[in-house]
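> 3D model of this:
(2 chains)
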Amino acid sequence: MLKSRWSGLFFQLIALVLSLTVVSLILLSIGASPLNAFSNMLTGSVGSTRKIAEVLVSFVPLLLVTAGLLITFSAGLWNIGVEGQIVLGAIASVWVFRIFIDSTLPPSLIIFLSFLGGMLGGALWAALTGLLKTFGGVNEIFGGLGLNFVANALTLYLIFGAWKREGVASMSGTEPLPDSFSLAQLGELRISPTALIIAILAIVFVYFILNGTYFGLKLKAVGKNFRAAYLLGIPTWQYSMYSFLICGALAGIAGAVQVAAVYHRLIPSISSGYGYLGLMVAMLINYQAIWAIPVAFFFAALNIGSIQLPIVMQLDSSLSGVLQGILVLFVLLVEGFRQKFIKRASQI
Amino acid sequence: MTQETLLIGLAGVLAAAAPIVFAVLGETLSERAGVINLSMNGTILLSAMGGFAVAYNTDSLLLGFLAGMLIGALVALIVAFASITLNQSQVAVGFVLALTCRDLSYFLGSPYMNVPGPRLASMPIPVLSDIPILGTLLFRQDAITYISFLAIILCWVWIYRTRPGLMLQGIGEKPAAAFIRGANVNLMRYVYTVIGGALIGLAGPAFSLGVRAGWMGTISGLDGFGWIALSITIFGGWNPARAAFGAYLFGLLQWLGLVLQPVLTQVPSQVLQVAPFPLMILTLLLVNIGNAEWVERTLAAMPERTRKFFAKLLRAMRASPPTSLGVPFERD
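Numbering: from 1, shown residues only, chains lettered A, B, ... in the order given. Predicted coordinates for the structure are as follows:
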C-alpha cells in the first residue's frame, strides 16, 4: 500500500497539513490570526482578475527557471548559480537594447534579439560554473554561489558605473528603456501573453526532452550514476555541460522577461530570488516536469498574496517564504519517513 | 596612516571576523564528521535576530548568546535528523533551511527593526593590553572576540591532539574503519553536527550584539555571510587554523575595500564592498584545481624541475574534503 501512487499523494497531503499547522503556530505565537492571514493571502493573489495577472507576472520567470533546473537536476547537478544566470540574462538583454536604442529596426525584432542575448548571457554564465566544475574541480554549489555574488557585483557596477543614469546614479536602476521595447500587455493587465506562452513552451520543451528523447535518457543516466554512464560510453562531462547550457539559457530568458515585460531597465535585484525559489519548486515536485505548472503557480500566488500583509495586518511579507520553505522541508521529511516505512515493511 | 591607526584598523578586522570564525569552525567540525550543514546562511540570520530579541527582552547579553547557540543547534539537529536518520539529501534539507530560516528571521524580527538594544563593550585585559603592538591588536577587544581566539585553538587541539579528535577524523575519512574500532558513527555525527550548529549559531549574536549591533532586517547586510563562510570552510581545507586564517583574510579584504574607497574613486563603492566575494571563487579554484585530472596530466608532461615546483605549489594550496563528506553511513 505504501508504494502506490496514491500513498505518495497521501503523504504529501500530510506534509501540507503539517506545514500549515506549523505556520499557524508561528502566527499565533506573535498574536496574529492564522485564518485571517491565509484568507488575506488568498484574496491578495486570486481575488480578482488584476491580482491573478500579477500572479502570472511572477509565475512566468519562476516556471522558466524551474524548467531549466529540471534539466540540471536530471543530470545530477545542484545548479545554485541559477540566480546569477537570471541576472546575466537580464544584463545581456539590456545590453542588446542599449546597442539598438537609436536603430530604425522594428522594435519587435529588437525585442527578439534581446531575448537571444539573454539566452546567451545566461548560458555562458552557467557554462562558467560548468567549466569550474569540470576543469577546476570546484563543486557547482560553491562555484555557482560565488558567481551569484559576482553577478550582483556586476549589476551594481553597471548601475553605478558604466550604465549610470544621467545625473545621479541610484539603487532604482538604470535609465528606463523606451516604451517601444516593452512586450505588449493584455489590455489593462500587467501580464504579457508572449512571455506566458514562452514559459509554457519552455516547460513543454523540457518535459519532451526528459521523457521523449534519447538525449534526455542519457542525461538522466549521467545524473543517476556518473561512473556507470561513463563506462557505458556516454560522454559524461559534455552532458553535464549541455545541461548547464540549457538551464542557463532558460534562466537567461527569465532575466530577459524581467527586463522586457516587468522592469524595463536594470535594477539591483533583478532576479528577485526566482532562482532560489525555482530550486524549491523543483524539489517540491520531486523533479517531475508534469507538476511544474500548478506548483509554480501556487508559489507565485503565495508571493503575490503576501504583498498586502504588511498593510492589512502589519505582518512582514516574508511569511510567504516561511510557508514555502516549511512546506518543502516537510515534504522532504515525510518522504524520508515513507521510505523508512517501506524499507521496514519489506524487511518483515 | 600612522602606526596606531593601522593597528586599530587591524584590531577591528580581528573583531569583525569573529562571527565568521565561529561559523567556519562550526562548519568544519560538522563536515569533519561527514555532514554538510548548508543551512548556515539562514542559521546565522535567525540566530542574529533571536539572540538580539532575547538580549533585548531579558537585558542579558549572556542569554542572547545562549539563545543564538540554541537556535543553531536546533537547526543543525533538523539537518542531522533528515540526513542521518531519514536518509534525505543533506544538500536539499540544508538549502531549504537556509532559505526558510532567513525568511523566518525577517518575519519574526520585524518588531525589533532598528530598535536600540544592548551590545558588548570592549574589555581590555589588564597588563596584556599594555604590551606594545600586540596589546592594541589582540587584548583590547570585546569578550566574544577573545572567545573566538580561544575557540580556534580549542578546535585545532581537539581535532589534531586528542583521542576523540582522532576518532572524529576517522569518522569523516573512513567511517567503516571507525565503526570497527568501536565508534558509534551515526551518534558521533549527530553530536558533531549539533555542536557545530551551536558554534554557527554563535555567529549570529556575535554580529547582532557585537560588531554590527542591532537588527535591521533585510538591510542588516548579514545575508550572504553564511555562503561566504561555507566557501571559507573549503578554503580552510577542514583545518580550523587554516579556516580561521581564511576568515581573517576575508575580513582584511573587506576592510581594505573600505580604506581604499577614497583612493579608487572611479570604482563605485557598492562594487568595492562586494569585491571579496569574487575573490573567494578564485581562492576556491586555487584550492581545488590540484584535484582536477587534467592538471595531473599536464604536470606529468612538464620537465622535471618545473613539475616539482608546480606540484609543490599545488600541494601547498590544495585541500581535499573528508572522504565520506555527504555520504550516509550504513552498517551491513
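> what stretches of the stretch 1-150 of chain A score poorly on pLDDT?
Scanning the stretch 1-150 of chain A with the threshold set as pLDDT under 70 gives A:1-5.
> redo that, cut-off 50
A:1 (pLDDT under 50).
> And the helices in it?
A:5-29, A:34-46, A:49-74, A:82-99, A:107-136, A:140-157 (DSSP state H, counting those that start in this stretch).
> and of those helices, who's closest to chain B?
Nearest to chain B among those is helix A:140-157 (3.5 Å), distances taken as C-beta to the nearest C-beta. In this view, the C-beta of every residue, glycine as well, is placed from N, C-alpha and C.
> Reformat the helices of the stretch 1-150 of chain A into CSV and put mean neighbour count and distance to chain B next to each item.
Shown next, in CSV, are the helices of the stretch 1-150 of chain A (neighbours: other C-beta atoms under 10 Å in any protein chain shown; distance: least, C-beta to the nearest C-beta, whole Å):
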stretch, mean neighbour count, distance to chain B
helix A:5-29, 15, 8
helix A:34-46, 17, 11
helix A:49-74, 25, 10
helix A:82-99, 28, 11
helix A:107-136, 22, 5
helix A:140-157, 24, 3
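> Among the ones you listed, which comes closest to residue A:255?
helix A:82-99 (2.7 Å; C-beta to C-beta).
> which residues are contacting stretch B:298-315?
Residues outside stretch B:298-315 that contact it (C-beta atoms under 8 Å, 6 or more residues apart in numbering or on different chains): B:289-290, B:295.
> next one: stretch B:166-182
B:29, B:31-34, B:158-159, B:183, B:185, B:188-189, B:192, B:238, B:322-325, B:327, B:329, B:331.
> Filter those down to the ones in helices?
B:29, B:31-32, B:158-159, B:185, B:188-189, B:192 (DSSP state H).
> for the helix or strand containing residue B:198, which positions count as buried?
For residue B:198, the host element (DSSP states H and E) is helix B:185-206. Using 16 or more other C-beta atoms under 10 Å in any protein chain shown as the test for burial, helix B:185-206 gives B:185-186, B:188-206.
> Provide a list of residues in contact with residue 72.
Since no chain was named, I'll use chain A. A:78-79, A:82, A:243-244, A:247.
> wrong one, chain B
B:26, B:43, B:47, B:197-204 are the contacts of residue B:72 under C-beta under 8 Å, 6+ apart.
> Check the residues you listed against residue A:170 and report the nearest one.
residue B:204 (30.9 Å).
> So which bits of the stretch 151-300 of chain A are right by chain B?
A:152-153, A:156-157, A:160-161, A:169, A:276, A:279-280, A:283 (C-beta under 8 Å from any C-beta of the partner chain).
> please redo it, this time with the cut-off set to 6 Å
Applying C-beta under 6 Å from any C-beta of the partner chain, we find that the stretch 151-300 of chain A lies next to chain B at A:153, A:156-157, A:160-161, A:276, A:283.
> For stretch B:291-305, give the mean pLDDT please.
Stretch B:291-305 comes out with an average pLDDT of 78.
> in it, what's buried?
Neighbour-count burial for stretch B:291-305 [16+ other C-beta under 10 Å]: B:291-292, B:295.
> out of the residues you listed, which touch chain A?
Answer for the buried residues of stretch B:291-305 near chain A (C-beta under 6 Å from any C-beta): B:291-292.
> So which of the buried residues of stretch B:291-305 are in helices?
Per DSSP H, those map to helices at residue B:295.
> Spatially nearest residue to residue 72 (excluding sequence neighbours)?
You didn't pick a chain, so chain A it is. Excluding the flanking residues, the one nearest residue A:72 by C-beta to C-beta, 6 or more residues apart in numbering or on different chains is residue A:79, at 4.0 Å.
> Oops, wrong one, chain B.
Closest to residue B:72 by C-beta to C-beta, 6+ apart is residue B:201, at 1.8 Å.
> What sits closest to residue A:302 if chain neighbours are left out?
residue A:320 (4.2 Å).
> got a list of what that neighbour touches?
A:302-303, A:306 (C-beta atoms under 6 Å, 6 or more residues apart in numbering or on different chains).
> circling back to that earlier point, the residue nearest to residue A:72: neighbour count?
Residues within reach of residue A:79, counting by other C-beta atoms under 10 Å in any protein chain shown, total 29.
> Taking the stretch 101-250 of chain B, what residue is nearest to chain A?
Counting by C-beta to the nearest C-beta, the stretch 101-250 of chain B gets nearest chain A through residue B:103, at 3.1 Å.
> Report the angle between whichever strand or helix holds that residue and helix A:5-29.
Secondary structure assignment for residue B:103, by DSSP H and E: helix B:90-109. Here helix B:90-109 points in a direction 30 degrees away from that of helix A:5-29 (axes from the mean of the first three to the mean of the last three C-alpha atoms, to 10 degrees).
> what packs against the helix or strand following helix B:90-109?
Following helix B:90-109 in sequence order, the next helix or strand is helix B:134-138 (DSSP H and E). Judged by 3 or more C-beta pairs under 6 Å, 6 or more residues apart in numbering or on different chains; DSSP states H and E, helix B:134-138 is in contact with helix B:3-32.
> how about the buried residues of stretch B:291-305 in TSV, adding distance to residue A:310?
Shown next, in TSV, are the buried residues of stretch B:291-305 (distance: C-beta to C-beta, whole Å):
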residue	distance to residue A:310
B:291	48
B:292	49
B:295	53
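> can you pull out the helices in the stretch 151-300 of chain A?
Under DSSP H, counting those that start in this stretch, the stretch 151-300 of chain A gives helices at A:193-212, A:214-224, A:226-231, A:236-257, A:274-284, A:292-305.
> Flag every residue of chain B that's near chain A.
Residues of chain B lying near chain A (C-beta under 6 Å from any C-beta): B:82, B:86, B:88, B:91-93, B:96, B:99-100, B:103-104, B:106-107, B:110, B:227, B:231, B:268, B:270-271, B:274, B:277-278, B:280-281, B:284-285, B:288-289, B:291-292.
> from those, which would you call buried?
Buried among the residues of chain B next to chain A by 16+ other C-beta under 10 Å: B:82, B:86, B:88, B:91-93, B:96, B:99-100, B:103-104, B:106-107, B:110, B:227, B:231, B:268, B:270-271, B:274, B:277-278, B:280-281, B:284-285, B:288-289, B:291-292.
> ok, and the closest non-adjacent residue to residue A:78?
residue A:141 (5.1 Å).
> Was I right to think that neighbour contacts residue A:77?
No - if you go by C-beta atoms under 6 Å, residue A:141 and residue A:77 don't touch, sitting 9.2 Å apart.
> ok so, going back, lowest mean pLDDT across the helices of the stretch 151-300 of chain A, which one is that?
helix A:226-231 (a mean of 85).
> pull the CA atoms of it into PDB?
Backbone C-alpha positions of helix A:226-231 (Å, rounded to 0.1, in the frame of the first residue of the first chain) are rendered in PDB as follows:
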ATOM      1  CA  PHE A 226      28.000   9.200 -13.300                       C
ATOM      2  CA  ARG A 227      30.600   6.400 -13.300                       C
ATOM      3  CA  ALA A 228      28.300   3.800 -14.800                       C
ATOM      4  CA  ALA A 229      27.200   6.300 -17.600                       C
ATOM      5  CA  TYR A 230      30.900   6.900 -18.300                       C
ATOM      6  CA  LEU A 231      31.600   3.200 -18.600                       C
END
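> where's it relative to the chain centroid, distance-wise?
Relative to the centre of its chain, helix A:226-231 is centred 29 Å away, using C-alpha atoms, centre = their mean, to the nearest Å.
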